[in-house]
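# no sequence on hand, only this structure:
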């Protein structure tokens, strides 16, 4: 048994979020980066928008598993810490988009209100 916890890849995070009950995939990059391409089904919550009021409205159940993906510039590790500070014990690092190959990104011309929190 290793003392180091294995970090998930973006693919693993996508699979867990889509196959687990009470789980969400969160992309903590900026709205612009999200709009240029994102994982289908991911919710955009930029790192600077993680506030108690916004998050509690969106995710009232603090037992929800939150798989958080990002980029080197918008670090998911920081978002995980922010969610844990708000009481979300199941906030999980989900990888950096730059490390991921073969990802099916979607491009959207008009942002959808459901996809991101502003």
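Here it is on my side, so go on. Computed from a predicted model, the values in this text were never measured in an experiment. Numbering: from 1, shown residues only.
# show me what contacts the most centrally placed residue in the chain?
The residue lying closest to the centre of the chain (C-alpha atoms, centre = their mean) is residue 26, at 2.1 Å. The contact partners of residue 26, by C-beta atoms under 8 Å, 6 or more residues apart in numbering, come to 42, 43, 44, 45, 66, 67, 68, 69, 79, 94. For glycine as for every other residue, the C-beta is placed from the backbone atoms N, C-alpha and C.
# do residue 86 as well
So residue 86 contacts 50, 52, 55, 56, 62 (C-beta under 8 Å, 6+ apart).
# try 10 Å
50, 51, 52, 55, 56, 59, 62 (C-beta atoms under 10 Å, 6 or more residues apart in numbering).
# and it, how far is that from residue 19?
Taking C-beta to C-beta, to the nearest Å as the measure, residue 86 falls 25 Å from residue 19.
# kindly report the same for residue 90.
Remark: distance between residue 90 and residue 19 (C-beta to C-beta) = 15 Å.
# where does the protein have low pLDDT?
When residues are selected by pLDDT under 70, those of the chain lie in 1-5, 100-118.
# can you show me the helices along it?
If you assign secondary structure with DSSP state H, the helices in the chain sit at 10-19, 31-36, 52-58, 76-85.
# tell me which of the contacts of residue 86 is nearest to residue 75?
Of all the contacts of residue 86, residue 50 has the smallest distance to residue 75: 12.1 Å, by C-beta to C-beta.
# measure the residue nearest to that closest one when sequence neighbours are not counted to residue 54 for me?
Setting aside the residues directly before and after it, residue 50 is nearest to residue 82 in space (C-beta to C-beta, 6 or more residues apart in numbering), at 4.4 Å. Plainly put, residue 82 is 11 Å away from residue 54 if you go by C-beta to C-beta.
# okay, and the common contacts of the two?
Both residue 82 and residue 54 are in contact with residue 45, where contact means C-beta under 10 Å, 6+ apart.
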